[in-house]
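*Asks:* sequence and predicted model, in that order:
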Amino acid sequence: MLSDVDRTHSPSGPRVIAIIPARGGSQGVLLKNLQPVGGRPLVTRAVDAARRVAEIDLVVVSTDHSQIATAAEYAGAEVIDRPPAIAGGTASSESALLHALTVLAESGREPEVVVFVQATSPFIEPLDLAEAVRRVVEPGGPDVVFSAAPTHDFAWRLVDGAAQAVGHDAAYRPRRQDREPLFRETGAFYVMRTAGFLGAGHRFFGRVELQVVDPTRAIEIDEPEDLRIARLLDALPTADAIDVDAVVTDFDGVHTDDRATVDTTGTESVRVHRGDGLGVARLRQAGIPLLILSTETNPVVAVRADKLGAEYRQGVDDKAAVLDEWLAARGLDARRVAYLGNDVNDLPALRRVGWPIAVADAHPDVVAAARVVLSRPGGHGAVRELADRVLAVAATSPVSALPRPRRAGSV
């Protein structure tokens, strides 16, 4: 299958392009598209989701804000400068899409299918997005597929102050299992045939179909309360696999329960979990690099690491700098690395990687910065849980091989 660069530079150009409008101004939440959920800005989460879809050849972010542009480029998107005339509070998303398509066409890139992705939906599932793209791309497929969540709610509206039933008969109240669901437009993504979109000037035309998504994660951020809920959802323990190429962990509070015993000679000892050792062994057997990174100078770190057969660095004051050096030496993409921590001295390193992860009993600031919060506390099988979830998926992904894109100019 062709990568981004292969398709972008092919004679026919990219077939499918995702466009993410992300202006700097917002009314409900200040700089909304840069607000972090799980330690990553919303615009970064959207770019990541789109880039994990093999059917999407190029991801573009349309923005008028320099910080959003920087975040988008770092995540792997191409940036198109959005003119002020279509960056205000009254500007439509369609205007940003049409402008982006015009800029792309000037460089000879006119996609058959355009994928409109909204950064304000932080939980886009790449598998759902990929299925929607495939349905539009296939011959005889629909013209538009958009994300929708099923609902069995009874909807009402007010007409001159009086309640009026919508989509149901108020006099007939069947059980949930006896009713067909209605579907709520989530706003996460819209996959459209480009020619039809350009002709209609809006996102709904021709034959329109739904891509049904999980209603429990179908949240769209418009107000501060939405952002708070999204962060709570992201911090919940989850059984989802962790798709990375390497693992880095802290030691105290991760491999241990963060307690130490001291005998009369002043010798310290710590408790570790045998299951964690088995998890590290499985990672080694799978060929997944693992580094233990600790500020602790006690020899116990080296003793435990040597027993596990794990690479380690200890007595480290600047974890982020050492992490950067280790990643560079191994040629690893930080976006494809997990860092497991528990306390505030882990925060700089957590912010360096694509998968910042916290043990269950981590400091609140670490939990807030984490993309994933494990169900187990440090010293009680947290490392084994992480290992199992890493090994649940393939250790490689097309995302890690994609090049950094260039930036397109405005018109």
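*Replies:* Okay, I see it.
*Asks:* count of neighbours near Arg184?
*Replies:* Arg184: 17 surrounding residues under other Cβ atoms under 10 Å. Glycine gets a C-beta too; all of them are placed from N, C-alpha and C.
*Asks:* doesn't His152 make contact with it?
*Replies:* No: using Cβ atoms under 8 Å, Arg184 is not in contact with His152; the gap is 10.9 Å.
*Asks:* you'd agree Ile80 is in a strand?
*Replies:* Yes: using DSSP: H, G, I helix; E, B strand; the rest coil, the assignment for Ile80 is a strand.
*Asks:* partner residues bridging it?
*Replies:* Beta-bridge partners for Ile80, by DSSP bridges, are Ser62, Ala408.
*Asks:* now do Arg40
*Replies:* For Arg40, the beta-bridge partners are Val37 (DSSP bridges).
*Asks:* roughly how far apart are it and Val372?
*Replies:* 11 Å (Cβ to Cβ, to the nearest Å).
*Asks:* so those two - more neighbours on which side?
*Replies:* Per other Cβ under 10 Å, whichever of Arg40 and Val372 has more neighbours is Arg40, with 24 against 21.
*Asks:* okay, now the domains of this protein?
*Replies:* 4-235, 246-390 (automatic domain parsing).
*Asks:* tabulate those (TSV), appending mean pLDDT.
*Replies:* Below are the domains of the chain laid out as TSV (pLDDT from 0 to 100):
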stretch	mean pLDDT
domain 4-235	90
domain 246-390	91
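*Asks:* got a list of what the residue positioned nearest the centre of the chain touches?
*Replies:* In the chain, the residue lying closest to the centroid (Cα atoms, centre = their mean) is Arg45, at 3.7 Å. Remark: with contacts taken as Cβ atoms under 8 Å, 6 or more residues apart in numbering, Arg45 is in contact with Val37, Gly38, Ala119, Pro122, Ile124.
*Asks:* and the residues you listed, which is closest to Gly279?
*Replies:* When the contacts of Arg45 are compared for distance to Gly279 (Cβ to Cβ), Gly38 wins out at 22.6 Å.
*Asks:* what does stretch 85-102 contact?
*Replies:* Contacts of stretch 85-102 with the rest of the structure, by Cβ under 8 Å, 6+ apart, involve 19, 21, 23-25, 27, 60, 62, 64, 80, 82-83, 110-111, 114, 116, 118, 194, 197-198, 201-203, 411.
*Asks:* please report the distance of the closest residue to Ser269 other than its chain neighbours from Arg40.
*Replies:* Leaving aside its sequence neighbours, Ser269 sits nearest to Thr261 (Cβ to Cβ, 6 or more residues apart in numbering; 5.2 Å). Distance of Thr261 to Arg40, computed by Cβ to Cβ: 39 Å.
*Asks:* isn't Pro117 up against Ala49?
*Replies:* Heads up, residue 117 is Val, not Pro. Yes: look at Val117 against Ala49 with Cβ under 8 Å: they come within range, at 7.2 Å.
*Asks:* what sits in contact with each of those two?
*Replies:* In contact with both Val117 and Ala49: Ile124, Leu129, using Cβ under 8 Å, 6+ apart.
*Asks:* which residues does Ala392 contact?
*Replies:* Shown in contact with Ala392 (Cβ under 8 Å, 6+ apart): Ala241, Ile242.
*Asks:* is it in a helix, a strand, or coil?
*Replies:* Following three-state DSSP, the label given to Ala392 is coil.
*Asks:* check what pLDDT it gets.
*Replies:* Ala392 carries a pLDDT value of 78.
*Asks:* any idea how many residues pack against Pro139?
*Replies:* By other Cβ under 10 Å, the residues close to Pro139 number 4.
*Asks:* swap in the one 10 residues further on?
*Replies:* As a burial measure, Ala149 scores 20 neighbours (other Cβ under 10 Å).
*Asks:* ok, it touching Pro215?
*Replies:* Yes: counting by Cβ under 8 Å, Ala149 touches Pro215, with 3.8 Å between them.
*Asks:* tell me, what's touching the two both at once?
*Replies:* The contact sets of Ala149 and Pro215 overlap at Arg184 (Cβ under 8 Å, 6+ apart).
*Asks:* what residues sit buried inside whichever helix in the chain runs longest?
*Replies:* The single longest helix within the chain, with elements called by DSSP state H, is helix 93-106. By 16 or more other Cβ atoms under 10 Å, the buried positions in helix 93-106 come out as Ser93, Glu94, Ser95, Ala96, Leu97, Leu98, His99, Ala100, Leu101, Val103, Leu104.
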